[in-house]
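Participant: Take a look and give me a structure for this.
(one chain, ligands or ions: 1)
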Amino acid sequence: DEAQAPTTAEPVLELDGIAKRFGSEEVIGDLSLAVRDGEILTLLGPSGCGKTTTLRLIAGLEKPNAGHVRLQDETVAGDGRFVPPEERGVGVVFQDFALFPHLTAHENVAFGLQEWADAERDARVDELLELVGLADHGEDYPDELSGGQQQRIALARSLAPEPEMLLLDEPFSNLDVDLRVEMREEVRRIIKETGVTAISVTHDQEEALSISDRVAVMNDGDIEQIDTPQQVFQQPESRFVAGFLGHASFLPGEVHGDHVETALGRVLRDDVHGLAHQYDGSIVDLLVRPDDVTAYPAAEAEADGRVVYRRYLGPTVLYRVELDGGETIECMHNHSDRIDLDERVGVRVTADHELAWFPADHRADA
Ligand code: ATP
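Facilitator: Presented below is the predicted three-dimensional model:
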């Protein structure tokens with residue numbers, strides 16, 4: 001399902017002005033975030049930016065130094081209140097799954113249901129095993145299950161007590177590459193089938209873009225942008241977000257009325273997102289991703305630059321072209337394409353969507 005969470009849904013979780021220090025090190029500065037009912041939100045960012053700490057603050061495994069955490073309108077941290085993890089109604093799926101090795105799959109899933117009546121507990125466990133596709137594996141022990149099956153059991157165990165919210169910390173990092181892609185689909189399906197609100201943490205942009213309704217891109221203890229996968233990829237609000245979500249080249253150009261004059265020729269102003277008339281005369285950097293440009297072998301007189309890097313990636317080939325003006329542009333072609341290293345090429349902007357742009361004179365703080 002490609003449906004986005006409705007924008008009007010009430011927040012299930014709100015972080016408001018959160019700060020977190022470890023000793024003298026401030027890991028989270030002033031972080032605010034609202035998570036909507038039923039959405040899958042992913043915190044994405046480089047190692048050390050504070051993703052796991054944010055997840056632990058939500059779970060109640062860390063106490064904020066400032067700010068509030070609200071779950072379903074109840075303040076669970078802040079104003080002198082601190083609700084412990086087990087009373088927050090939040091399920092956590094840990095990176096290493098953390099299954100109990102001496103308990104069967106069925107017993108693992110039943111673990112959080114000790115206060116339930118036997119018949120109801122067994123029915124609930126069966127329902128969960130069915131949901132995660134392991135109805136026939138209830139009597140297996142964790143070491144008899146594959147990595148993907150262990151992850152399904154971990155997910156079932158966290159979902160069994162019907163949590164308000166599910167937290168997943170780097171959920172796919174312990175799986176083989178092949179299995180990761182399959183389990184992304186499965187985890188999204190299972191979460192959507194239960195309707196639980198979920199927050200996941202990863203540093204893998206493809207994973208974030210593929211499983212999430214919205215992605216919060218974090219940098220240095222703060223959220224730089226929170227948007228749908230397509231928005232953060234195509235309309236990044238900062239150069240950091242642009243660069244973190246994929247290959248990004250910046251093509252400088254001068255705005256002249258209805259077009260931008262660049263080293264690769266004219267780009268129509270209407271093809272650049274939100275580039276208003278008031279920027280006439282100013283220099284901007286257009287964000288061009290490898291899919292947005294096409295290179296072709298060219299005679300010297302028509303060439304724009306030279307291929308300085310060529311990497312065969314299987315289905316595609318990535319080229320890096322050094323333009324004669326000094327800028328570098330990356331382009332991605334079909335694998336059957338043959339342009340050689342050092343070849344002189346022409347390059348054209350061939351994007352079929354509006355380009356994002358950044359003001360060139362705010363390079364340092366953009
Ligand atoms: P990674 O992807 O590497 O896990 P992350 O974005 O999840 O990174 P965090 O684990 O939240 O980052 O850590 C952010 C910073 O806080 C790091 O510099 C880390 O060393 C520090 N940190 C986290 N937990 C503690 C702790 N308990 N005591 C001291 N420092 C900590």
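Participant: Assess the claim that Gln225 and Arg214 are in contact.
Facilitator: No - counting by C-beta atoms under 8 Å, Arg214 is not a contact partner of Gln225; they are 10.0 Å apart. For the C-beta atoms, the positions are set from N, CA and C on the backbone; glycine is no exception.
Participant: How about the stretch 101-250 of the chain: which residue is closest to the ligand?
Facilitator: For the stretch 101-250 of the chain and the ligand, the shortest gap (C-beta to the nearest ligand atom) falls at His203, measuring 5.1 Å.
Participant: doesn't Ser47 make contact with that residue?
Facilitator: Yes - in this structure, His203 is within contact of Ser47 by C-beta under 8 Å, at 6.0 Å.
Participant: Which of the two has more residues huddled nearby?
Facilitator: Shown here are His203 and Ser47; by other C-beta atoms under 10 Å, His203 has more neighbours (18 against 7).
Participant: Spit out the contact partners of the more buried one.
Facilitator: The contact partners of His203, taken as C-beta atoms under 8 Å, 6 or more residues apart in numbering, are Leu44, Gly45, Pro46, Ser47, Lys51, Glu170.
Participant: let's see it at 7 Å
Facilitator: His203 makes contacts with Leu44, Gly45, Pro46, Ser47, as judged by C-beta atoms under 7 Å, 6 or more residues apart in numbering.
Participant: any idea how far the third one is from the ligand?
Facilitator: The span separating Pro46 from the ligand equals 7 Å under the rule C-beta to the nearest ligand atom, to the nearest Å.
Participant: now do the first one
Facilitator: With distances taken as C-beta to the nearest ligand atom, Leu44 is found 10 Å from the ligand.
Participant: low pLDDT regions in this structure?
Facilitator: Low-confidence segments of the chain, defined by pLDDT under 70: 1-9, 361-366.
Participant: List, one by one, the residues from it near the ligand.
Facilitator: For the chain, the residues found near the ligand under the criterion C-beta under 6 Å from any ligand atom are Phe22, Val27, Gly45, Ser47, Gly48, Cys49, Gly50, Lys51, Thr52, Thr53, His203.
Participant: Can you report phi and psi for the fourth one?
Facilitator: Main-chain torsions, Ser47, degrees, to the nearest 10: phi -50, psi 130.
Participant: now the helices for the stretch 1-150 of the chain?
Facilitator: In the stretch 1-150 of the chain, the helices defined using DSSP state H, counting those that start in this stretch lie at 51-59, 105-110, 118-131, 147-159.
Participant: From the chain's centroid, how far away is the first one?
Facilitator: Going back to what we said before, that points to helix 51-59. 16 Å (C-alpha atoms, centre = their mean, to the nearest Å).
Participant: Show me which positions of that helix end up buried.
Facilitator: Lys51, Thr52, Thr53, Thr54, Leu55, Arg56, Leu57, Ile58, Ala59 (16 or more other C-beta atoms under 10 Å).
Participant: Which strands or helices does it pack on?
Facilitator: strand 11-22, strand 25-36, strand 90-93, strand 165-169, strand 197-202 (3 or more C-beta pairs under 7 Å, 6 or more residues apart in numbering; DSSP states H and E).
Participant: Please work out which of those strands is packed deepest.
Facilitator: strand 197-202 (a mean of 26; mean count of other C-beta atoms under 10 Å).
Participant: What helices and strands are in contact with that strand?
Facilitator: By 3+ C-beta pairs under 7 Å, 6+ apart, strand 197-202 packs against strand 40-44, helix 51-59, strand 165-169.
Participant: Turn those into a markdown table, including distance to Phe244.
Facilitator: Conversion of the helices and strands packed on strand 197-202 to a markdown table gives the following (distance: least, C-beta to C-beta, whole Å):
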| stretch | distance to Phe244 |
| --- | --- |
| strand 40-44 | 7 |
| helix 51-59 | 13 |
| strand 165-169 | 19 |
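Participant: To Glu185, which of those lies closest?
Facilitator: Counting by C-beta to C-beta, Glu185 lies closest to strand 40-44 out of the helices and strands packed on strand 197-202; the figure is 12.5 Å.
Participant: C-alpha coordinates for stretch 296-312, CSV please?
Facilitator: Coordinates of each C-alpha in stretch 296-312 appear next as CSV, following Å, rounded to 0.1, in the frame of the first residue of the first chain:
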residue,chain,number,x,y,z
TYR,A,296,26.6,11.7,-24.7
PRO,A,297,29.9,11.4,-26.6
ALA,A,298,30.5,14.8,-28.2
ALA,A,299,33.0,16.4,-30.6
GLU,A,300,35.3,18.8,-29.0
ALA,A,301,33.3,21.9,-30.0
GLU,A,302,30.1,20.6,-28.4
ALA,A,303,31.6,18.9,-25.3
ASP,A,304,30.8,20.2,-21.9
GLY,A,305,33.4,18.2,-20.0
ARG,A,306,35.3,14.9,-19.6
VAL,A,307,34.5,11.6,-17.9
VAL,A,308,36.7,11.3,-14.9
TYR,A,309,35.1,8.3,-13.2
ARG,A,310,33.1,5.3,-14.5
ARG,A,311,31.6,2.6,-12.3
TYR,A,312,29.7,-0.4,-13.6
